[in-house]
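K.L.:
Need a 3D model of the following:
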Amino acid sequence: MMLQRLRWAVLALTLPLLAQPGGPDLKALVERFDAAQSRAETIQTPFTLTIHRAMLRTPTVTKGTLYIQGSNYVHFAFTPPEDLILHLTPKALISYSPRSREGEILKIGFIKNANRKFLGLGQKLSYLSDYFELVPGESREIPNTYFLKLLPRSLSMKRRFQAIHFWMDRDTSLPRQVLWIERSGDSWLLELESIQVNQPIPNAVQGFKVPAGAEMQKGFSFFATRKK
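P.N.:
Got it, this is the predicted structure:
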């Protein structure tokens, strides 16, 4: 309870600086989004992921189905020809190729690799406000959404991110798009559609485990970025 009060105190102090004439109220947006996250025990939705590398002209575009169970895990099941599963939890990031039975795993500790767990998926905005400054704004790119820019507050976040852009659906208060912009200039745009809430998640996702005998390397290169 004390930590929750501290988070709201931080929001209360920053709100007068962030309010814009005619713009959305930050505290109201946070409350709406967090309430929607609390109601959504599970989320599943088709996704499109567009990755822009700062040193490459042509982005890579992949599709699949995204599954979220609260803050327990985020599971990306990519569609062919992409042979990949990403299973991300607060304790480990796993990428796995079912055909080759190979993959990577990165353990997340309290300090070591801790900045790798901040995706804005399955996480409440009141929690993210401990690490990012939340700046509401206007965006006409996606109709019927509210736009938030998350600017890194902590040193570890500043070392990784320039910003996270977040589009929240006005009707459902759930995410429609998330754009992660790395310090290097690399970026990942996740587009969601036809979100289903509180539907049964397939057993293969719910009980996902890397098969015994799979060759797993230490690390997680999927979101690897060039250092500047």
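K.L.:
hey, let's count contacts and neighbours off CA atoms from now on
P.N.:
OK.
K.L.:
Residue 151: what's it in contact with?
P.N.:
For residue 151, the set of contacting residues under the criterion of Cα atoms under 8 Å, 6 or more residues apart in numbering consists of 132-135, 162-164.
K.L.:
tell me the secondary structure for it?
P.N.:
Look at residue 151: counting by DSSP: H, G, I helix; E, B strand; the rest coil, its state is strand.
K.L.:
Looking at strand pairing, list the partners for it.
P.N.:
Partner residues in beta bridges with residue 151: residue 133, with DSSP bridges as the criterion.
K.L.:
Highest neighbour count among the contacts of residue 151?
P.N.:
For these, the largest number of neighbours (other Cα atoms under 10 Å) sits with residue 134, at 27 neighbours.
K.L.:
Look up the residues forming beta bridges with the closest residue to residue 195 other than its chain neighbours.
P.N.:
The spatially closest residue to residue 195, leaving aside those adjacent along the chain, is residue 45, at 4.6 Å (Cα to Cα, 6 or more residues apart in numbering). With beta bridges defined as DSSP bridges, residue 45 has these partners: residue 66.
K.L.:
from the contacts of residue 151, which single one is nearest residue 125?
P.N.:
Proximity of those to residue 125 was ranked by Cα to Cα; the top entry is residue 134 with 8.4 Å.
K.L.:
ok so, going back, might you report the residue contacts of the residue nearest to residue 195?
P.N.:
For residue 45, the set of contacting residues under the criterion of Cα under 8 Å, 6+ apart consists of 65-67, 192-196.
K.L.:
what about 10 Å?
P.N.:
Neighbour list for residue 45: 64-68, 76, 191-197 [criterion: Cα atoms under 10 Å, 6 or more residues apart in numbering].
K.L.:
Does residue 56 touch residue 187 like I think?
P.N.:
No - with contact defined as Cα atoms under 10 Å, residue 56 and residue 187 do not form a contacting pair (11.6 Å).
K.L.:
neighbour count winner among these two?
P.N.:
For residue 56 versus residue 187, the count of surrounding residues by other Cα under 10 Å is larger for residue 187: 23 against 9.
K.L.:
what are the bridge partners for the residue nearest to that one when sequence neighbours are not counted, then?
P.N.:
Take residue 187 and drop its neighbours on the chain: the residue closest to it by Cα to Cα, 6+ apart is residue 181, 4.5 Å away. Following DSSP bridges, residue 181 is listed with bridge partners residue 163, residue 187.
K.L.:
List the contacts of residue 181.
P.N.:
For residue 181, the contacting residues are 52, 160-165, 187-189, by Cα under 10 Å, 6+ apart.
K.L.:
What of residue 105?
P.N.:
For residue 105, the contacting residues are 86-88, 92-96, 210, 216-221, taking Cα under 10 Å, 6+ apart as the criterion.
K.L.:
Most widely separated two among the residues you listed?
P.N.:
Comparing all pairs in these by Cα to Cα, the longest separation belongs to 210 and 221, at 17.1 Å.
K.L.:
between the two, who's got more neighbours?
P.N.:
Set residue 210 next to residue 221 and count neighbours by other Cα under 10 Å: residue 210 wins out with 19 against 13.
K.L.:
these two touch, right, that one and residue 102?
P.N.:
Yes - under the criterion of Cα under 10 Å, residue 210 is in contact with residue 102, at a separation of 9.3 Å.
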